[in-house]
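Participant: next one to model:
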Amino acid sequence: MCRFLTLILFVTALGAWQPSRAQVAPGLPQDHSPRGALWRSAAVPGWGQIYNRQHVKVPFVYAALGALVVSTVRNQRDYTLYRDAFQYKAFQELVDAGQLESNPNADQLPAYNKLVAEFGPISSRPIETRRNNFRRNRDLSSIGIGFVYGLAMLDAYVSAHLLDFDVEEDLSIRLHVSPEGMGPAVRFRF
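Facilitator: Okay, here's the model as predicted:
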């Protein structure tokens, strides 16, 4: 929840600046602004890119988000299976050692049996290691979703600023030297 609030504050701070009408490119509508692109991208991923007329970027945004969502869901499913199997096997090992009378997680036996069917009898230690790996991967995928979402917002914002950036065929530099005051004045024209 704290990360979500931080993201909202960050987006609000970025969106506080709005260019004047003189800064908007002449070929674009007068109401086109980087702030509008940012808020659109915050509302729906890819909308800011569409607003900036950069439609080719939208499939990449959705492909990245989709892959990360699928990864998160798969890792969560596997984490749940290994968590339940670990809970059963860890307590069952204590029962087998005589430290407990009965397994309080006996209802988790189907999860352990699913792993036994795939790998054969297995102790709790490798199950715990795999469980931790799935949890870490799930968490990293979730962070990746936020990162891609934020990157799409940043791309929309920066691209909206650069829409009026003039890219001509003539990218030469002209040197102009003229006498001025006590010596020559050198000016570069790009």
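
Participant: what residue ranges in the protein score low on pLDDT?
Facilitator: Where the chain drops to pLDDT under 70, the residues are 1-31, 166-168, 170-177, 181, 183-190.

Participant: ok, which stretches of it are strands?
Facilitator: For the chain, applying DSSP state E gives strands covering 174-180, 183-189.

Participant: next one: residue 44 from residue 62, what distance?
Facilitator: 11 Å (C-beta to C-beta, to the nearest Å). Using the backbone N, CA and C atoms, a C-beta is placed for each residue, glycine as well.

Participant: comparing the two, which residue is more hemmed in?
Facilitator: Using other C-beta atoms under 10 Å, the more surrounded residue of residue 44 and residue 62 is residue 62, with 14 against 10.

Participant: what sits closest to that one if chain neighbours are left out?
Facilitator: Nearest residue to residue 62 in three dimensions, chain neighbours excluded: residue 46, at 6.3 Å (C-beta to C-beta, 6 or more residues apart in numbering).

Participant: what is the burial count for that neighbour?
Facilitator: Residue 46: 20 surrounding residues under other C-beta under 10 Å.

Participant: isn't it right up against residue 58?
Facilitator: Yes: counting by C-beta atoms under 8 Å, residue 58 is a contact partner of residue 46 at 4.1 Å.

Participant: any residues in contact with both of the two?
Facilitator: Counting by C-beta atoms under 8 Å, 6 or more residues apart in numbering, residue 46 and residue 58 have no shared contacts at all.

Participant: tell me the phi and psi of residue 164?
Facilitator: phi -90, psi 10 (degrees, to the nearest 10).

Participant: next, count neighbours for the closest residue to residue 103 other than its chain neighbours.
Facilitator: Spatial nearest neighbour of residue 103, chain neighbours left out: residue 91 (4.6 Å); criterion: C-beta to C-beta, 6+ apart. With neighbours defined by other C-beta under 10 Å, the count for residue 91 comes to 19.

Participant: separation between residue 91 and residue 82?
Facilitator: Remark: distance between residue 91 and residue 82 (C-beta to C-beta) = 15 Å.

Participant: mind listing what residue 87 touches?
Facilitator: 105, 108 are the contacts of residue 87 under C-beta under 8 Å, 6+ apart.

Participant: go on, residue 52?
Facilitator: By C-beta under 8 Å, 6+ apart, the neighbours of residue 52 are 37, 156, 159, 160, 163.

Participant: what is the neighbour count of the last one?
Facilitator: Number of residues near residue 163 (other C-beta under 10 Å) recorded here: 16.

Participant: and it, what are its phi and psi?
Facilitator: phi -60, psi -30.
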